[in-house]
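**Q** give me the fold of what follows.
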Amino acid sequence: MRYGENHKEETHKKLVRAACTVLREKGPDRLSVAEVMEAAGLTHGGFYAHFKSKDALLVEALNSAFAHAGAKFRKVVDGMPARHALATYIDMYVSPVHRDNVSGGCPIVALNSDAPRQSKKFQTAFQAGIDHIVDALAGWIAETGREDAQTLARAAFSAMAGAVALSRAVADKALSDELLASARAGIRARLGVSDAELSKAVN
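**A** A predicted model of the protein is given here:
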């Protein structure tokens, strides 16, 4: 059977998409190459036509997961004033929807406990993903007039990721929802983008 000239590229993308889902659902140590290949409709033997190693797949899948999650969040806040973009991003990130979407959410929350045991390349990609989000937050915070934007962004994102991770860990859904709501309110208040402050800014 002859394949089109884009067949290998499309197959590669399919493998990365499958790996993204498995990576966030199960973590890097439980990601099986055979499982990813099967999800793409391929045999295990075809793996090395696309990747040098499992680690190479993990790094590419992680980068793709960051790109996908980032694009999804940016699409919602695109064109908003800085204060509203910041508040909206916090609300989206620290939410029950994000908590429940393990396979499609931010890889930082899904993989934070796995990253220290992975390769240097994986950790570097993980760090780059954190830096990208923190820089985006810092940009919005700086636009609100705060001089300590980078420090505030790091603290805010640590609280955001920690809140989602904790909300996934508790069995009591009501408590989980309460943890998220409290975290959202606290982070927004600290950054000066509470509902009351946004209302003042508009008026």
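
**Q** contacts and neighbour counts: CA atoms only from here.
**A** Will do.

**Q** least trustworthy helix or strand in the protein by mean pLDDT?
**A** helix 195-202 (a mean of 78; mean pLDDT, DSSP states H and E).

**Q** so what's the gap between that one and the chain middle?
**A** Mean C-alpha position of helix 195-202 versus that of the full chain (Cα atoms, centre = their mean, to the nearest Å) differs by 28 Å.

**Q** so residue 152 makes contact with residue 139?
**A** No - Residue 152 lies out of contact with residue 139 (Cα atoms under 8 Å); the separation is 10.8 Å.

**Q** so which of the two has more stuff around it?
**A** Neighbour count, other Cα atoms under 10 Å: between residue 152 and residue 139, residue 152 has more, with 20 against 16.

**Q** how much space between the more buried one and residue 136?
**A** Look at residue 152 and residue 136: by Cα to Cα, to the nearest Å, they are 12 Å apart.

**Q** contacts made by the least confident helix or strand of the chain with the rest, please.
**A** If you take Cα atoms under 8 Å, 6 or more residues apart in numbering as the criterion, helix 195-202 is touched by 83-84.

**Q** so where do the helices sit in this structure?
**A** Assigned by DSSP state H, the helices in the chain fall at 7-26, 33-39, 54-77, 82-93, 96-100, 107-111, 120-143, 149-169, 173-190, 195-202.

**Q** please identify the deepest-packed of those helices.
**A** Each of these was scored by mean neighbour count; the highest is helix 107-111, a mean of 22, by mean count of other Cα atoms under 10 Å.

**Q** who's in contact with that one?
**A** With Cα under 8 Å, 6+ apart as the test, helix 107-111 has contacts from 24-25, 27, 62, 65-66, 102, 126, 129-130, 161-162, 164-165.

**Q** thank you, goodbye.
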